[in-house]
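K.L.:
Requesting a structural model of the entry that follows:
(one chain, ligands or ions: 1)
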Amino acid sequence: MQGSKELREKLATACRLLYMEGLMDHAGLAGARIPETGNLLLNPREMRGTPGRHPGIMAADDLVVVDPEGRKVEGENNPPSETPIFTGVFRARPDAMAVFHLHLPTATLFSVVGKPILPIGVMGSPFGESVPVCADGTLIQRPEQGDGVARALGNSLAVILQGHGAVIVGGSVEEAFVASVLLEDNAVRQYRAAMIGTPRAMERGELEEARRQVWNPKVVAKIWTFYLLKAQAQGLLEG
Ligand SMILES: [Zn+2]
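P.N.:
Got it, this is the predicted structure:
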């Protein structure tokens, strides 16, 4: 089977954690690049002979493998219809080893009203001065749309798909997961702040410093571990 046991289990675990946090349901996708082959490991369109899937019970064997053009290489299930997100972004971003596509409930709202997501606190600093938006508001099902998402993303950590969701990249599954949590968390805080006043974004100088403080492997590992333990405490993962 392509993709090490460790990578497969980690990606399936990320799906369970994203479900636990309300960031993945019947929609939402997670993908990782397989270092040995360059192929992509994706969560499937449907699982276990059903017409759908559930991220809370995603397992290593449910995942599918596609080649860099999105053709299925391996797996019981079919690749997701929005596979072009992964082929487009992984091709454009050699640094990305994991790409998630999530219908983030609050982060997506900002694109609906044409307001930018701003780094309003230290944990939002990894996203820079604002999060780019991809104007294509439809499902990303054709290769040229995937390339459009990659263009809108540029070198950023995340891009919002207009009224639809977000695409988040990471140098590892853990990084993509932590960035996903932080993006939605920043959006929730910005939304709440807007209820009581005008949210203030961090200034450029402090933004750089804060980013160095929180966007590093130590902090990523700490946050990933917290959610792993939280899932174990809630019985969503075996301890
Ligand atoms: Zn979608």
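K.L.:
The nearest residue to residue 83 once chain neighbours are set aside: what's it in contact with?
P.N.:
In this structure, residue 83 finds its nearest non-sequential neighbour in residue 70, 4.5 Å apart by CB to CB, 6 or more residues apart in numbering. To be clear about C-beta, it is placed using only N, CA and C from the backbone, and glycine gets the same treatment. Neighbouring residues of residue 70 by CB atoms under 8 Å, 6 or more residues apart in numbering: 40, 79, 83-84, 86-87, 143.
K.L.:
List phi and psi for residue 172.
P.N.:
Backbone torsions for residue 172, taken as degrees, to the nearest 10, come to phi -160, psi 170.
K.L.:
Among the contacts of residue 70, name the ones in helices.
P.N.:
Applying DSSP state H to the contacts of residue 70, the entries found in helices are 83-84, 86-87, 143.
K.L.:
looking at it, residue 230 is touching residue 223, isn't it?
P.N.:
No. Using CB atoms under 8 Å as the test, residue 230 is too far from residue 223 to be in contact (10.6 Å).
K.L.:
Give the buried subset of the ones in helices among the contacts of residue 70 as a ChimeraX selection command.
P.N.:
Only the buried entries of these go into this ChimeraX selection, using 16 or more other CB atoms under 10 Å:
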select :83,84,86,87
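K.L.:
Just give me the longest helix of the chain.
P.N.:
Longest helix in the chain, counting residues (DSSP H): helix 173-196.
K.L.:
what is the mean pLDDT for that helix?
P.N.:
Averaged across helix 173-196, the pLDDT comes to 98.
K.L.:
which of the residues in it are buried?
P.N.:
By neighbour count on 16+ other CB under 10 Å, the buried set for helix 173-196 is 173-187, 189-191.
K.L.:
packing partners for it?
P.N.:
helix 5-20, strand 29-33, strand 98-102, helix 105-112, strand 165-170, helix 217-233 (3 or more CB pairs under 8 Å, 6 or more residues apart in numbering; DSSP states H and E).
K.L.:
Kindly point out the strands partnered with the third one and how each is oriented relative to it.
P.N.:
Read it as strand 98-102. Using DSSP bridges, the strands paired with strand 98-102 are strand 29-33 (antiparallel), strand 165-170 (antiparallel).
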